[in-house]
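# Sequence first, then the predicted structure:
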Amino acid sequence: MQRDLMVDIETMGTTPDAAVVTVGAVMFDLTAGPEQTIDKRCLVQASIASNQDFGRTISGQTLEWWFKQDPAAIRGLIEGQVTNLRNALTQFRLWADEHRPERVWANDPDFDVVILQSAFRSCNVHWSWHFAINRSMRTIGELAYPDQRERRAVIKAIREQVGTHHKADDDAEAQARFVAHAYQVLKGEA
């Protein structure tokens, strides 16, 4: 049963008030391993201008970083159904609430979840998760693979099998697959 949610965001900064331009998420089964079918995906996109309307900030350093990324990732920020930030966050929350996750994972909740919560507050959109369900991909990865080189190699191998790097929904899927894999390693099943 897919009761775990992996979320990934793409932003225009690294501070809690950073502009959030895409939110990607997938529902996955922590126990099913990295080869599981992940068919519940969400991608919402918010315009940079609407982020500024809600007081979200843009970092010059982050913009320079984006200019060095894969063109497909950059297009993923501005092509598609771009809406205003409040609508994007509401769409994401409704999608997530429909699936009622037991755990919410992020590469690092101190980044993704903190920025998302701040954006929700900026837009006066209700945040529906209790802090106790947040989980860290980095933590489970380090437990499964204490050797950093080995951990990075496994992450890279999984990452190369899934879509475009720095496209939020593709990153969420790759991260979910890694978490499910790390869980199997910790249980002695991989």
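Yes, it's here. Numbers count the residues shown, from 1 in each chain.

# Name the residues of the host helix or strand of residue 175 that come out as buried.
Per DSSP states H and E, residue 175 falls inside helix 168-187. The neighbour-count check on helix 168-187 (16 or more other C-beta atoms under 10 Å) flags 168-184 as buried. All C-beta atoms are positioned from the backbone trio N, CA, C, and that covers glycine.

# Give me the contacts around the helix or strand of the chain with the lowest mean pLDDT.
Least confident element among the helices and strands of the chain, by mean pLDDT, DSSP states H and E: helix 71-78 (a mean of 90). Outside helix 71-78, the residues within contact range by C-beta atoms under 8 Å, 6 or more residues apart in numbering are 10, 21-22, 45, 66-67, 164-168.

# What segments of this structure are strands?
4-11, 20-28, 41-46, 82-83, 103-106, 134-136 (DSSP state E).

# possible to save those as a markdown table with mean neighbour count?
Output for these, formatted as a markdown table (neighbours: other C-beta atoms under 10 Å):
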| stretch | mean neighbour count |
| --- | --- |
| strand 4-11 | 26 |
| strand 20-28 | 27 |
| strand 41-46 | 22 |
| strand 82-83 | 17 |
| strand 103-106 | 22 |
| strand 134-136 | 18 |
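
# want to throw those into TSV with mean pLDDT and distance to residue 93?
Shown next, in TSV, are the strands of the chain (pLDDT from 0 to 100; distance: least, C-beta to C-beta, whole Å):
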stretch	mean pLDDT	distance to residue 93
strand 4-11	98	11
strand 20-28	97	10
strand 41-46	97	10
strand 82-83	95	14
strand 103-106	96	12
strand 134-136	96	15
